[in-house]
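Enquirer: Provide a 3D model corresponding to the input given below.
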Amino acid sequence: MLFLYTCKQAHQKLSEDLDRQLSLAERAQLKLHLSMCRSCSNFGTQMRTIRSAMKQMAAGKSSDQD
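Expert: Model (predicted):
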């Protein structure tokens, strides 16, 4: 059954998407929600940016310790 995620559910799925691959149904529902909700789309962009920055910081710290 296809239904629309609430913003709270979309935030949860955006977070889960950083840690595991979402199922096809989850990705479809999330994509549908993000296509209609600018706030959640912005939230997802912010989360990906923060994750990327943290990975870069971690890589920089490990190379500094050598």
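Enquirer: tell me how many other residues crowd residue 40.
Expert: 22 (other C-beta atoms under 10 Å). All C-beta atoms are positioned from the backbone trio N, CA, C, and that covers glycine.
Enquirer: quick one: residues in contact with stretch 20-33.
Expert: 2-5, 7, 9-10, 13-14, 16-17, 40 (C-beta atoms under 8 Å, 6 or more residues apart in numbering).
Enquirer: switch to 6 Å and redo it
Expert: The contact list for stretch 20-33, computed with C-beta atoms under 6 Å, 6 or more residues apart in numbering, reads 5, 10, 13.
Enquirer: now swap in stretch 42-51 and tell me
Expert: For stretch 42-51, using C-beta under 6 Å, 6+ apart, the contacting residues are 14, 18.
Enquirer: put the alpha carbons of it into PDB.
Expert: Taking Å, rounded to 0.1, in the frame of the first residue of the first chain, the C-alpha atoms of stretch 42-51 are listed here in PDB:
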ATOM      1  CA  ASN A  42      16.400  20.800   2.400                       C
ATOM      2  CA  PHE A  43      16.800  18.700   5.500                       C
ATOM      3  CA  GLY A  44      18.100  15.800   3.400                       C
ATOM      4  CA  THR A  45      20.600  18.000   1.600                       C
ATOM      5  CA  GLN A  46      21.800  19.300   5.000                       C
ATOM      6  CA  MET A  47      22.200  15.800   6.400                       C
ATOM      7  CA  ARG A  48      24.200  14.700   3.400                       C
ATOM      8  CA  THR A  49      26.400  17.800   3.600                       C
ATOM      9  CA  ILE A  50      27.100  17.200   7.300                       C
ATOM     10  CA  ARG A  51      27.800  13.500   6.700                       C
END
